[in-house]
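Trainee: A predicted structure for the sequence below; I have some questions about it.
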Amino acid sequence: MDIVEEDKCPSCGTRNAHHSDKTKKEILNRLNRIEGQIRGISKMINEDIYCDDILNQITSVESALNGVKKELLEAHIKTCVVDQIREGQDDVIDELMKTIKRMLK
């Protein structure tokens, strides 16, 4: 996995992720498919499609988003978290635990 060094955005000061181009491409492709599903749901509502069919599509989108969330969490742990721990920034563990707790709600 080609990882670029973590840095901060000069204009806003936020941290940048450092995932490989492959990981970013995979996540963006999945998000683009989800975006298409969302547009499809909007069209279904506009066309008065049966509610149960729309609810099934929404469940499908939620499942797809959960998949992206899991993929990104794994990439985050394997790159960002590991690198910060190696740099002595152990507070990243508390940050990760807060994120996981929010994800489990």
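Mentor: Nice, thanks for sending it over. Residues are numbered from 1 along each chain as shown.

Trainee: Just list what the host helix or strand of Lys43 packs against, helices and strands only.
Mentor: For Lys43, the host element (DSSP states H and E) is helix 21-46. If you count contacts as 3 or more C-beta pairs under 8 Å, 6 or more residues apart in numbering; DSSP states H and E, helix 21-46 packs onto helix 51-76. From N, CA and C alone the C-beta is placed, and that goes for glycine too.

Trainee: As a quick check, tell me the outermost residue of this structure.
Mentor: Asp48 (31.0 Å; C-alpha atoms, centre = their mean).

Trainee: That one and Leu65: what is the separation?
Mentor: 25 Å (C-beta to C-beta, to the nearest Å).

Trainee: cool, and Asp53?
Mentor: Taken as C-beta to C-beta, the span from Asp53 to Leu65 is 19 Å.

Trainee: Name the residue in the two with the higher neighbour count.
Mentor: Set side by side, Asp53 and Leu65 show more neighbours around Leu65, with 15 against 11, by other C-beta atoms under 10 Å.

Trainee: Not counting residues beside it along the chain, what's closest to that one?
Mentor: Ile34 (6.2 Å; C-beta to C-beta, 6 or more residues apart in numbering).

Trainee: what ranges of this structure fall below the confidence cut-off?
Mentor: Across the chain, the ranges flagged by pLDDT under 70 are 1-14.

Trainee: repeat that for 90
Mentor: Residues of the chain that meet the criterion pLDDT under 90 lie in 1-20, 105.

Trainee: In contact with the residue nearest to the spatial centre of it, which residues?
Mentor: Note on the chain: the residue nearest the mean C-alpha position is Lys69, at 4.3 Å, using C-alpha atoms, centre = their mean. For Lys69, the contacting residues are Met103, by C-beta atoms under 8 Å, 6 or more residues apart in numbering.

Trainee: ok, now the one 3 residues further on?
Mentor: Remark: with contacts taken as C-beta under 8 Å, 6+ apart, Leu72 is in contact with Ile27.
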